[in-house]
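Visitor: sequence plus the predicted model coming up.
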Amino acid sequence: MRTAPIALLLALTFTSLNTSADPVAARAALRAALGEAVLTAPGIHPAPEMDQGPIKAIYYDALPYENNPTRVFAYLGVPAAPEGQKLPAMVLVHGGGGTAFHDWVKIWHDKGYAAISMDLEGQLPTEGHPRHALGGPSRTGMFDDEAKPRNAQWMYHAVADIMLAHSLLRSLPEVDPARIGMTGISWGGVLSSLVAGVDDRFAFAAPVYGCGYLYDSKGYFNRMGAKDDATLELRKYWDPARYFTNAPMPMLWVNGDNDPHFSVDTMSRSHQSAGPASILSIHPRMPHGHGVSWETNMVPEIYALADHLLKGSGAPLARITKQPEAQKGATVILHYESKAPVVSASLYALTAPLEYDQKDEKSHLDLVQPFEATEALLDSAAKTVTATLPENCTWYYINLTDDRGCIVSSDLQSTAKPGK
């Protein structure tokens, strides 16, 4: 009996894993591949020369890369805990071009949270982001290292580094391990949504921009950068939707309706498949960037959710109890519940295909036609929103805004008939 070539067997194994429709099996397989080390507090090595006031610079031990030891640089902030109490905490995951951000940690520190922001590419947060001697793999394009062994791929180590940061926070005597959340931006949104499906120790996750179903994105992440179907199947191993479907924790999905990197339809689809505790927040024409995503006045939903879930303070975000469903020209009705007063509602409609275009080789992708706000009737007593769709509407969503400025959105809906 002839034995199949090893390369073919590996390819078949990758393909079978990538096409698995069972998120429970996918989660278990990735957890087993990562091993128990990521659930144990790593060794910490202070770097006081890089401290930023109360925000401390550290390295922590990470998984070996190509049989060599690695460490992750991070900023860690631990405010003084009230007497006899422990602190809530946050894991903060940067995006592409980012690093460990001490100012992001400081925002949460000043709100009474312990927080950690780590560099996931073996870099230091100094000018030019130089690599340090014990850095692991660098991110190579868009999953461009798919041919390497799984434990040599950047996503493997980035996921492990996040889980190790979580384990580190859980080990601190000042921190309550049951009250730790996670948020990530862009690539960090991809990673935090994936980790939410693998590390069920988190109390909640709030991915910003990044999401799942990347292979169906109409923006930059279309086909996950793959040129052929075989490569796409390999890269799908790291699509977050393989893991977060029916996630056990609350998830808040934040994106702009015009984002060119992660198209809003894939964000809405991620929200719909993440489970009953999932919340969607679509910000009209929200720009893409790190600072935008942590400004309290730009994205207050993350802080409101954290305060409610981790501190037990403030009202929860509004919840949509019945989604609107209708065809072009029809009247739609949304039902909601909210302990915080909802002060406004808006319908955002698209009257063209949901398509992105690049005007020239120097410009970024952008929606060919943006969503436009149209009138919606808010009935606070009945807790409903009523709106009429434009005759030529192709896609729409409805936003609720409460008295804190927090936005909760309906699912993004297509008016096309099923099968169209």
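Guide: Alright, I've got the coordinates.
Visitor: care to break this protein down by domain?
Guide: 21-314, 320-358+365-414 (automatic domain parsing).
Visitor: comparing the ones you listed, which stretch has the densest surroundings?
Guide: Comparing the domains of the chain by mean neighbour count (mean count of other CB atoms under 10 Å), domain 21-314 ranks first with a mean of 20. C-beta coordinates here come from the backbone N, C-alpha and C atoms, glycine included.
Visitor: for the record, mean pLDDT for that one?
Guide: Averaged over domain 21-314, pLDDT sits at 96.
Visitor: now it, how far from the centre of its chain.
Guide: From the chain centre to the centre of domain 21-314 is a distance of 7 Å (CA atoms, centre = their mean, to the nearest Å).
Visitor: can you give me the strands in the stretch 151-300 of the chain?
Guide: For the stretch 151-300 of the chain, the strands defined by DSSP state E, counting those that start in this stretch occupy 175-185, 204-208, 251-256, 278-283.
Visitor: out of those strands, which is closest to Ser167?
Guide: Each of the strands of the stretch 151-300 of the chain has some distance to Ser167 by CB to CB; the shortest is strand 175-185, at 9.3 Å.
Visitor: which stretches of the stretch 201-350 of the chain form helices?
Guide: Residue ranges of the helices in the stretch 201-350 of the chain, as given by DSSP state H, counting those that start in this stretch, are 229-235, 241-244, 264-273, 290-294, 300-306.
Visitor: quick one, which of those helices gets closest to Pro173.
Guide: Closest approach to Pro173 among the helices of the stretch 201-350 of the chain (CB to CB): helix 300-306, 21.2 Å.
Visitor: go ahead and name everything in contact with the closest one.
Guide: 88, 90, 111, 113, 181, 183, 204, 206, 208, 250, 252, 254, 279, 281, 294, 296, 314-317, 404-408 (CB atoms under 8 Å, 6 or more residues apart in numbering).
Visitor: repeat that for 6 Å
Guide: 181, 183, 206, 252, 281, 296, 314, 317, 404-406 (CB atoms under 6 Å, 6 or more residues apart in numbering).
Visitor: could you do stretch 206-215 as well?
Guide: For stretch 206-215, contacts defined as CB under 6 Å, 6+ apart pick out 183-186, 189-190, 192-193, 221, 223-224, 239-241, 252-255, 259, 262, 266-267, 269-270, 293, 302.
Visitor: could you redo the last one with a cut-off of 7 Å?
Guide: With CB atoms under 7 Å, 6 or more residues apart in numbering as the test, stretch 206-215 has contacts from 183-190, 192-193, 221, 223-224, 232, 236, 239-241, 244, 252-255, 259, 261-262, 266-267, 269-270, 288, 293, 299, 302, 305.
Visitor: re the thing from before, adding distance to Ile162 as columns, could you present the helices of the stretch 201-350 of the chain in TSV?
Guide: Below are those laid out as TSV (distance: least, CB to CB, whole Å):
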stretch	distance to Ile162
helix 229-235	19
helix 241-244	13
helix 264-273	18
helix 290-294	17
helix 300-306	17
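Visitor: out of these, which gets nearest to Glu337?
Guide: helix 300-306 (15.6 Å).
Visitor: ok, now which ones touch the nearest residue to Leu280 once chain neighbours are set aside?
Guide: Among residues not flanking Leu280 along the chain, His271 sits closest, at 4.2 Å (CB to CB, 6 or more residues apart in numbering). For His271, the contact set (CB under 7 Å, 6+ apart) comprises 253, 278, 280.
Visitor: what about the spatially closest residue to Ala277 that is not a sequence neighbour, distance to Ala205?
Guide: Nearest residue to Ala277, sequence neighbours excluded (CB to CB, 6+ apart): Pro250, at 4.1 Å. In this view, Pro250 and Ala205 are 8 Å apart by CB to CB, to the nearest Å.
Visitor: my guess is Ala158 contacts Glu121. True?
Guide: No: contact criterion CB atoms under 7 Å: Ala158 and Glu121 do not qualify, at 8.2 Å.
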